[in-house]
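Chemist: Task: produce atomic coordinates for the following.
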Amino acid sequence: MSGAGGAQAQSTNMVMASCVEKIAGKNSLVTPWATVQNNCAFTYDVKVVWNNGPDSSCVELSVREQYTSTSTPGATFDRVAIC
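Modeler: Reported below is the predicted structural model:
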């Protein structure tokens, strides 16, 4: 039964992350950046996940609030994750 709960929790996280969206950004060789916005009905703790660069720290985003993350040169935006 614990496996079923894990799959259900993973599915819930994926749904929650889909309403926190990247609204702007640039994959730059100098300073890549991404702005994400919480379009969910609730406040969530989220982080920006980067390829080839450090992820952002967890930040609390209220409904309709935005957050801009930067990463190291050459990093590319991957996704927004609930943390």
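
Chemist: just the strands in this structure please.
Modeler: For the chain, strands defined by DSSP state E occupy the ranges 20-26, 33-38, 44-51, 59-61, 66-70, 76-82.

Chemist: Rebuild those strands as JSON lines, extending it with mean pLDDT and mean neighbour count.
Modeler: (Each C-beta comes from the backbone N, C-alpha and C, glycine too.) Below are the strands of the chain laid out as JSON lines (pLDDT from 0 to 100; neighbours: other Cβ atoms under 10 Å):
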{"stretch": "strand 20-26", "mean pLDDT": "93", "mean neighbour count": "14"}
{"stretch": "strand 33-38", "mean pLDDT": "97", "mean neighbour count": "20"}
{"stretch": "strand 44-51", "mean pLDDT": "95", "mean neighbour count": "19"}
{"stretch": "strand 59-61", "mean pLDDT": "97", "mean neighbour count": "16"}
{"stretch": "strand 66-70", "mean pLDDT": "97", "mean neighbour count": "16"}
{"stretch": "strand 76-82", "mean pLDDT": "94", "mean neighbour count": "18"}
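
Chemist: For stretch 32-48, what is the distance to the chain centroid?
Modeler: Once both centres are worked out by Cα atoms, centre = their mean, to the nearest Å, stretch 32-48 turns out to sit 6 Å from its chain's centre.

Chemist: so how far is the first residue of it from its last?
Modeler: 12 Å (Cα to Cα, to the nearest Å).

Chemist: Other residues contacting it?
Modeler: Stretch 32-48 has contacts (Cβ atoms under 8 Å, 6 or more residues apart in numbering) with 16-17, 19-26, 50, 53, 55-77, 80-83.

Chemist: For G25, which residues are in contact?
Modeler: G25 is in contact with 32-35, 77, counting by Cβ under 8 Å, 6+ apart.
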